[in-house]
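> Fold the following.
(one chain, ligands or ions: 1)
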Amino acid sequence: MINIAVLGYGTVGSGVVEVIRTNQDIVNKRSGQDIKIKYVLDLREFPGDPVQEILVHDYNVILNDPEVDIVVEVMGGLNPAYNFVKSALEAGKSVCTSNKELVAAHGAELLAIAKEKNLNFLFEASVGGGIPIIRPLNQSLTADEITEITGILNGTTNYILSKMTDEGSDFDSVLKQAQELGYAERNPEADVEGYDACRKIAILTSLVLGKQVDYQDIYTEGITKITDAEIKYAKALGGSIKLLGMSKFVDGTVYSMVSPFIIGKDHPLATVNGVFNGIFINGNVLGDTMFYGSGAGKLPTASAVVSDVVDAVKHQGTNIMTIWDSEKVALGDMDTFNCRYFVRTKSKKAEVEAAFGTVSYVTVEGLDEVAFLTENMTEGDFNQKVKALDMIYRLRTAL
Ligand code: HSE
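Model prediction:
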């Protein structure tokens with residue numbers, strides 16, 4: 001018998017309890033042990049919910065109970081999650097978490113404690129919701145030098161952009177729907193400003209490099225300024241707008257960013273719509289591979305958390321080697337990043353051509369302005385040239 005304790009009975013925590021109760025036989029069989037939820041920790045009461053019988057409000061009850069083998073942290077945020085997780089590991093309990101803020105900020109340290117104690121610190125649900133991506137990166141794509149990892153890593157913003165594209169819906173009402181469906185963060189600014197995707201690409205890039213990529217160093221731009229006009233221009237260019245978390249490894253330089261991009265209809269991530277996430281990886285010997293699935297929501301995220309519980313049970317007494325040292329990676333300067341830029345401007349075509357030379361113009365009915373696509377150029381070069389124009393907005397593209 002393996003006893004687990006679930007910290008937090010919110011969307012994901014209640015999902016973990018539901019997944020274990022629904023699939024108890026399967027989970028027991030696959031882990032080779034009977035898994036029992038001994039405690040659920042939450043400050044709130046849940047009258048009428050069977051969880052009430054195992055509900056505790058004091059973390060010390062869990063920490064000091066030697067019968068608790070695995071702690072499942074699904075509270076989110078850094079405090080008190082960081083102290084709870086660290087003390088659980090120090091007390092000899094493996095930890096499974098969905099908390100990307102915690103993993104991005106303290107992953108290297110928590111993995112080191114788990115290694116030293118012969119335990120496991122697992123975080124499959126921290127990136128891509130229910131999509132297996134951490135375990136494949138750590139255990140399957142080990143023969144390759146990874147050259148690119150690009151993902152639609154936030155379900156809420158992908159849901160918003162998809163609805164704006166398909167139904168012409170406005171930003172605020174779609175965000176409200178995403179919140180009601182349980183996709184959004186408690187503070188949806190983390191979704192729409194790209195902070196959530198930033199934590200996730202930081203985690204993936206740290207795992208690829210085996211070193212610390214600080215999320216604070218990652219250029220991050222959200223989708224709050226995207227309007228119906230940008231959506232229409234993207235369609236006129238034969239593509240769509242996606243919020244991408246991207247790391248490219250070019251001649252020893254790592255470019256890492258979160259940004260809305262116009263991508264073409266042939267891009268591998270073009271058909272990833274709604275709350276779905278997709279993660280595209282290129283390896284030098286494998287070539288391209290894609291991971292696709294539900295990127296947010298109660299049960300998909302809980303499915304990934306419970307898969308970690310099964311892995312922790314299967315590896316009791318053995319640390320699953322995960323290389324993520326605290327040595328910090330210096331990221332490439334965005335000024336040297338290369339792409340084609342889409343620009344809306346109040347300036348005339350003659351001014352555009354004086355600044356950029358040859359460009360490809362794009363028009364949308366009813367919009368009385370100049371819009372164009374540049375040739376491939378560095379971001380530094382683009383920023384210099386665009387100064388000559390009265391710019392309305394610009395978007396990076398992968399066209
Ligand atoms: N708010 C996140 C999203 C939840 O929308 O993707 C999953 O991390």
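
> With adjacent residues omitted, what lies nearest to Ser294?
With sequence-adjacent residues excluded and distances taken as CB to CB, 6 or more residues apart in numbering, Ser294 is closest to Pro300, at 3.6 Å. For glycine as for every other residue, the C-beta is placed from the backbone atoms N, C-alpha and C.

> what about the one you found, which SS state?
With DSSP: H, G, I helix; E, B strand; the rest coil as the basis, Pro300 sits in helix.

> and if you look at Val6?
strand.

> my guess is the residue nearest to Ser294 meets Tyr292, correct?
No. Contact criterion CB atoms under 8 Å: Pro300 and Tyr292 do not qualify, at 12.0 Å.

> which bits of this protein sit near the ligand?
Applying CB under 6 Å from any ligand atom, one finds that the chain approaches the ligand through 129, 154-156, 183-185, 191, 196, 295-296.

> just to revisit the earlier point, which residues sit in contact with the residue nearest to Ser294?
Taking CB atoms under 8 Å, 6 or more residues apart in numbering, we find Pro300 in contact with 129-130, 293-294.

> Among those residues, which one has the most neighbours?
Gly129 (29 neighbours; other CB atoms under 10 Å).

> Would you mind listing the residues in contact with it?
155, 277, 293-297, 300-301, 304.

> Among these, the buried ones, what's the PyMOL command?
Under the burial definition 16 or more other CB atoms under 10 Å, those of the contacts of Gly129 that qualify are selected in PyMOL by:
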select buried, resi 155+277+293+294+295+296+297+300+301+304
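
> In strands, which of the contacts of Gly129 fall?
Among those, the members found in strands (DSSP state E) are 277, 293-294.

> Against Phe46, how distant is Leu89?
Distance, Leu89 to Phe46, using CB to CB, to the nearest Å: 28 Å.

> same question but for Ile160, I mixed them up
31 Å.

> neighbour count winner among the two?
Higher neighbour count among Ile160 and Phe46: Ile160, with 30 against 13, using other CB under 10 Å.

> looking at it, the more buried one is touching Leu175, isn't it?
Yes. Counting by CB under 8 Å, Ile160 sits close enough to Leu175 to count as a contact (5.9 Å).

> Please spell out which residue in this protein sits farthest from the middle.
Ala350 (41.9 Å; CA atoms, centre = their mean).

> The nearest residue to Phe123 once chain neighbours are set aside: what secondary structure?
Leaving aside its chain neighbours, Phe123 sits nearest to Val103 (4.6 Å; criterion: CB to CB, 6+ apart). Following three-state DSSP, we place Val103 in the helix state.

> before we move on, what about the one 4 residues further on?
Gly107 carries the three-state label helix when classified by three-state DSSP.

> roughly how far apart are it and the ligand?
16 Å (CB to the nearest ligand atom, to the nearest Å).

> Could you report the pLDDT at that residue?
Looking at Gly107, its pLDDT stands at 98.

> hang on, it packs against Leu122?
No. The pair Gly107 / Leu122 is not scored as a contact, 11.0 Å apart, by CB under 8 Å.

> Between the two, tell me which one has more neighbours.
Higher neighbour count among Gly107 and Leu122: Leu122, with 30 against 24, using other CB under 10 Å.

> Quickly list what the more buried one is bridged to.
Cys96 (DSSP bridges).

> which residues of the stretch 51-200 of the chain score low on pLDDT?
For the stretch 51-200 of the chain, applying pLDDT under 70 flags no range at all.

> For Met246, give its distance to the ligand.
Distance from Met246 to the ligand, by CB to the nearest ligand atom: 16 Å.

> That residue: what secondary structure?
strand.

> I'd assumed Ser259 was in contact with it.
Yes. Between Met246 and Ser259 there is a contact under CB under 8 Å: 7.5 Å.

> Of those two, give the one with the bigger neighbour count.
Met246 (24 against 21).

> just the strands in the stretch 201-350 of the chain please.
Under the criterion DSSP state E, counting those that start in this stretch, the stretch 201-350 of the chain contains strands at 219-220, 239-250, 253-264, 276-283, 287-294, 338-345.

> would you turn those strands into a markdown table with mean pLDDT?
Formatted as a markdown table, the strands of the stretch 201-350 of the chain follow (pLDDT from 0 to 100):
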| stretch | mean pLDDT |
| --- | --- |
| strand 219-220 | 98 |
| strand 239-250 | 97 |
| strand 253-264 | 97 |
| strand 276-283 | 98 |
| strand 287-294 | 97 |
| strand 338-345 | 98 |
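
> returning to that earlier point: can you tell me which of the contacts of Pro300 is nearest Glu67?
Nearest to Glu67, judged by CB to CB, of the contacts of Pro300 is Gly130 at 29.4 Å.

> quick one: the helices in the chain?
Using DSSP state H, the helices of the chain run over 11-22, 24-31, 59-63, 81-90, 100-116, 134-135, 155-167, 171-180, 189-192, 195-209, 228-236, 298-314, 349-356, 379-386.

> Could I get the buried residue list for the fourth one?
By that I understand helix 81-90. So, applying 16+ other CB under 10 Å, buried residues of helix 81-90: 81-82, 84-89.

> And these, which is closest to Thr363?
Closest to Thr363, out of all of the buried residues of helix 81-90 and judged by CB to CB, is Ala81, at 50.1 Å.

> show me the residues around that closest one that make contact.
Ala81 neighbours (CB under 8 Å, 6+ apart): 7, 73, 75, 97, 99, 101-102.

> Farthest-apart pair in the residues you listed, please.
Leu7 and Glu101 (14.3 Å).

> Compare the two and say which is more crowded by neighbours.
A direct count of neighbours by other CB under 10 Å for Leu7 and Glu101 places Leu7 higher, at 24 against 20.

> correct me, but that one touches Ser87?
No. Using CB under 8 Å, Leu7 is not in contact with Ser87, being 11.4 Å away.

> With adjacent residues omitted, what lies nearest to whichever residue of the stretch 251-399 of the chain sits closest to the ligand?
Per CB to the nearest ligand atom, Ala296 is where the stretch 251-399 of the chain lies closest to the ligand, at 3.7 Å. Leaving aside its chain neighbours, Ala296 sits nearest to Gly155 (3.2 Å; criterion: CB to CB, 6+ apart).
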